[in-house]
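Colleague: Just a sequence and a predicted model for now, questions to come.
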There are 2 protein chains.
Amino acid sequence: MPLQDYMQLVSTDDHLIEHPALWADRLPRRFLDAGPRIIEHEFTPGKTPAQVWLYEGRIYRYIGLNAVAGKRPEEYGAEPIRYSDMLPGCYDVAARVRDMDIEGVQAQLNFPSFPRFAGTVFLEADDKELALLCVRAWNDYVLEEWCAAAPDRFIPLVLVPLWDVHEAVAEVERTAALGARAISFVENPVPLGLPSFHTDYWDPFFSACEEHEMVLCVHFGSSGYSPRTAPEAPMAVMISLFGCNSMYATADLLFSPVFHRHPKLKFALSEGGIGWVPYMLERIDTTWEKHRYYQNIDQTVRPSDLFREHIFGCFIEDQHGIDNRHQVGIDNITWEGDYPHSDSNWPNSRKLLAEALLDVPDDEAHKMVELNARRLFRFPRTEAGV
Amino acid sequence: MPLQDYMQLVSTDDHLIEHPALWADRLPRRFLDAGPRIIEHEFTPGKTPAQVWLYEGRIYRYIGLNAVAGKRPEEYGAEPIRYSDMLPGCYDVAARVRDMDIEGVQAQLNFPSFPRFAGTVFLEADDKELALLCVRAWNDYVLEEWCAAAPDRFIPLVLVPLWDVHEAVAEVERTAALGARAISFVENPVPLGLPSFHTDYWDPFFSACEEHEMVLCVHFGSSGYSPRTAPEAPMAVMISLFGCNSMYATADLLFSPVFHRHPKLKFALSEGGIGWVPYMLERIDTTWEKHRYYQNIDQTVRPSDLFREHIFGCFIEDQHGIDNRHQVGIDNITWEGDYPHSDSNWPNSRKLLAEALLDVPDDEAHKMVELNARRLFRFPRTEAGV
């Protein structure tokens, strides 16, 4: 048996779609007009209008690709959509739990949708007082409504205000006290106009994450940088290449002072895949061996050793990564379902995963699909979960 | 024996450094002032001046890292240098052959240095009449001096004028008649301000390359795009990530019309490594399966099948790629020495390669180090070479 019944799937990358009243329920009255709310918007005259977020006068749409769970690839598309075009499990937590039961997923970790993976919509906002309240509202929603509805089914992941490192520290402390386990951070701050991992700017924030054992989840694309090759290139090029963002983050972090200054810090590369890790660690080590002498790089610790201690990858479909799991690091791998995005195999995730793990010994499969994630995110099985 | 004596190493990525009189020997007298010539230039007052190229009033320097053959990593550096700081094999063909003999390399394919990998220095030139003469001069030098000095030791690679597709066709035809086997092209034209692989702009050029069986060698970095993560990031980050440029080129080409329109065209990914290929082909195929229906993509041919027919990777040190050679494609792999750049292991290339191939059967090793390159570049053994 490749995937034993006693193994519970703990997914480390999924997505919730914010319900229309999320911010209206939580923002002070004076911010209700400028704060995020859903409006009808006609993109094409004569066609059914889409539902979009209006925030400080700017429009943010959901595209169909980001809510395709349950659709066949022949039905995929990138057009703006309405809530009624989605499975209720996208935005309704009770329906989500039913969808998880359907495919045999025990727990998920959910990223935001409209705010973008790391809440960068609030980074670009004009009114930072409102933006901070929006970040807190999303976190409160996730902690008090979404995760609280089924605490053994959801790993609480929260946002921080990226524009103010001291406010970020405060939000780490506030949400840690409420049970948060992870922060959706950025794979690279530089494309967002923020200081890089090679500065000391983030040190107070990283120290707070160490102290409260908060994992930094960096989803590919969270930097705002997309691997686009040409204006006319089909979107498939970018979709294929998004793992390169995680490669960039890996090399950037391993050659930075971050892990030397923060020996307890953990990064999870969300949706980045794992099949590239053996190649990239070999290349990074070779580069370190040849090029460290004349550069401002740690001279003693091999980068691949840093990786084993600090960085975790996850996979959906990645047979090459599974087959080379020992070169990746059997303790550094988690599984993800990516519900309801287009990389997801819902409702067949468990079935396809079982086929992919056919040649993997039970103890190794168990680590990859459940135990590593439970350890990393301090999310043990509960009575109800056993 | 991992690497049998009868196997000749044919390297598919090395570099020659242009000798100071290359253009002065060949340009018409009226262009001698504006054309490339070597001058003394004092970067730091009081220090030994460097030797730099002056071309149309602009200064182009050689950095130490690009001529490190024979140096220990402890001696590497990125400062500008003089010819006397280099091994003569960098710029003198007789010395080069001796250096190849020292490490047991039978043949090389050499990229330009000052003009950049694909001659993009001439693309940015003001006077395109002069620039075209400069391209032709480099090609004539390579064909008439460098390769002619030892025809069984050098695969002739030439440049084309990238700014004019019809002049590029003419240069393909001219140099093919003189024995050229390959063209140093760009991994992606877009960052250079040129039309992408998804347009029909390059069709006449690609057709000429098919007709004359010219391989398009696309060196990582030839697009001018560098994988930089942060202003403060050490250069090691970029060096580690350059293979991502070859991943970008692979996805870009496989989802473009290029190979569907040009069924005989071959691309070689120079210095891009091979260890990432299994992961990337799996990811590209999965993307094709899920996302082709709503995109302008060929609906019938699996991208990994296109790769096997059209794209070749090469490796220096890449144990993961060697171990997974069948997933890469045993017929799609060549070896490279990278003399005299910092990825090179000269004079220990053959020794280290033998160690890396220890577990590889003879017939497969022979393909990877010699036979694939000879077939791809139509460069058979000669009497002298046997």
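Modeller: Perfect, thanks for sending it. All figures in this text were calculated on a predicted structure; none of them were measured in a lab.

Colleague: So which residues of the stretch 201-350 of chain A form helices?
Modeller: Along the stretch 201-350 of chain A, the segments classed as helices by DSSP state H, counting those that start in this stretch run A:203-211, A:235-241, A:243-254, A:258-261, A:277-291, A:303-310, A:319-323, A:325-328, A:349-356.

Colleague: Show the secondary-structure elements that the fifth one is packed against.
Modeller: In this case it means helix A:277-291. Secondary-structure packing of helix A:277-291 (3 or more C-beta pairs under 8 Å, 6 or more residues apart in numbering or on different chains; DSSP states H and E): helix A:243-254, helix A:303-310, helix A:325-328, helix B:235-241, helix B:243-254, helix B:319-323. Glycine gets a C-beta too; all of them are placed from N, C-alpha and C.

Colleague: repeat that with 6 Å
Modeller: On a contact count with 3 or more C-beta pairs under 6 Å, 6 or more residues apart in numbering or on different chains; DSSP states H and E, helix A:277-291 meets helix A:243-254, helix A:303-310, helix B:235-241, helix B:319-323.

Colleague: what does the first one give?
Modeller: In terms of contact count using 3+ C-beta pairs under 6 Å, 6+ apart, helix A:203-211 is assigned the packing partners helix A:165-177.

Colleague: Need the residues that contact the helix it packs on.
Modeller: If you take C-beta atoms under 6 Å, 6 or more residues apart in numbering or on different chains as the criterion, helix A:165-177 is touched by A:Asn139, A:Val158, A:Val160, A:Pro161, A:Pro204, A:Phe205, A:Ala208, A:His212, A:Met214.

Colleague: So the last one versus A:Leu157, what's the distance?
Modeller: If you measure A:Met214 against A:Leu157 using C-beta to C-beta, to the nearest Å, the figure is 9 Å.

Colleague: Strands of chain A, residue ranges please.
Modeller: For chain A, applying DSSP state E gives strands covering A:9-10, A:14-15, A:37-41, A:50-55, A:58-61, A:105-107, A:110-111, A:157-158, A:182-185, A:215-219, A:267-270, A:311-315, A:333-335.

Colleague: now the ones you listed as JSON lines including mean neighbour count, mean pLDDT and distance to chain B?
Modeller: As requested, the strands of chain A are exported to JSON lines (neighbours: other C-beta atoms under 10 Å in any protein chain shown; pLDDT from 0 to 100; distance: least, C-beta to the nearest C-beta, whole Å):
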{"stretch": "strand A:9-10", "mean neighbour count": "24", "mean pLDDT": "98", "distance to chain B": "20"}
{"stretch": "strand A:14-15", "mean neighbour count": "25", "mean pLDDT": "98", "distance to chain B": "16"}
{"stretch": "strand A:37-41", "mean neighbour count": "15", "mean pLDDT": "94", "distance to chain B": "21"}
{"stretch": "strand A:50-55", "mean neighbour count": "20", "mean pLDDT": "94", "distance to chain B": "17"}
{"stretch": "strand A:58-61", "mean neighbour count": "14", "mean pLDDT": "93", "distance to chain B": "17"}
{"stretch": "strand A:105-107", "mean neighbour count": "23", "mean pLDDT": "98", "distance to chain B": "20"}
{"stretch": "strand A:110-111", "mean neighbour count": "23", "mean pLDDT": "98", "distance to chain B": "20"}
{"stretch": "strand A:157-158", "mean neighbour count": "28", "mean pLDDT": "98", "distance to chain B": "24"}
{"stretch": "strand A:182-185", "mean neighbour count": "26", "mean pLDDT": "98", "distance to chain B": "15"}
{"stretch": "strand A:215-219", "mean neighbour count": "26", "mean pLDDT": "98", "distance to chain B": "13"}
{"stretch": "strand A:267-270", "mean neighbour count": "27", "mean pLDDT": "98", "distance to chain B": "14"}
{"stretch": "strand A:311-315", "mean neighbour count": "26", "mean pLDDT": "98", "distance to chain B": "10"}
{"stretch": "strand A:333-335", "mean neighbour count": "26", "mean pLDDT": "98", "distance to chain B": "14"}
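
Colleague: Surely A:Leu132 is in contact with A:Pro161?
Modeller: Yes: with contact defined as C-beta atoms under 6 Å, A:Leu132 and A:Pro161 form a contacting pair (5.1 Å).

Colleague: Show me which of these two is the more surrounded one.
Modeller: The residue with more neighbours, out of A:Leu132 and A:Pro161, is A:Pro161; 22 against 19, by other C-beta atoms under 10 Å in any protein chain shown.

Colleague: Grab the nearest non-local neighbour of the more buried one.
Modeller: A:Glu167 (4.5 Å; C-beta to C-beta, 6 or more residues apart in numbering or on different chains).

Colleague: With A:Phe154 instead?
Modeller: A:Phe154's closest residue in space is A:Cys147 (C-beta to C-beta, 6+ apart), at 4.2 Å.

Colleague: repeat for A:His198
Modeller: Of all residues not flanking A:His198 in the chain, B:Glu232 sits nearest, at 3.8 Å (C-beta to C-beta, 6+ apart).

Colleague: how about A:Ala373, what does it touch?
Modeller: A:Val10, A:Thr12, A:Thr334.

Colleague: re the thing from before, out of the helices of the stretch 201-350 of chain A, which is the most enclosed?
Modeller: Comparing the helices of the stretch 201-350 of chain A by mean neighbour count (mean count of other C-beta atoms under 10 Å in any protein chain shown), helix A:243-254 ranks first with a mean of 27.

Colleague: what packs against that helix?
Modeller: helix A:277-291, helix B:235-241, helix B:243-254.

Colleague: okay if I get the contacts of A:Ala373 as CSV plus distance to A:Phe267?
Modeller: Output for the contacts of A:Ala373, formatted as CSV (distance: C-beta to C-beta, whole Å):
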residue, distance to A:Phe267
A:Val10, 18
A:Thr12, 12
A:Thr334, 12
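
Colleague: per-residue pLDDT, the nearest residue to A:Leu241 once chain neighbours are set aside?
Modeller: Using C-beta to C-beta, 6+ apart and skipping residues adjacent in sequence, the residue nearest A:Leu241 is A:Pro227, 3.7 Å away. The per-residue pLDDT reported for A:Pro227 equals 96.

Colleague: A:Gly243 versus A:Pro227, what's the distance?
Modeller: Taking C-beta to C-beta, one finds A:Pro227 at 9 Å from A:Gly243.

Colleague: Around the residue nearest to A:Glu364 when sequence neighbours are not counted, how many other residues sit close by?
Modeller: Leaving aside its chain neighbours, A:Glu364 sits nearest to A:Ile330 (5.6 Å; criterion: C-beta to C-beta, 6+ apart). Neighbourhood size, A:Ile330 [other C-beta under 10 Å]: 15.
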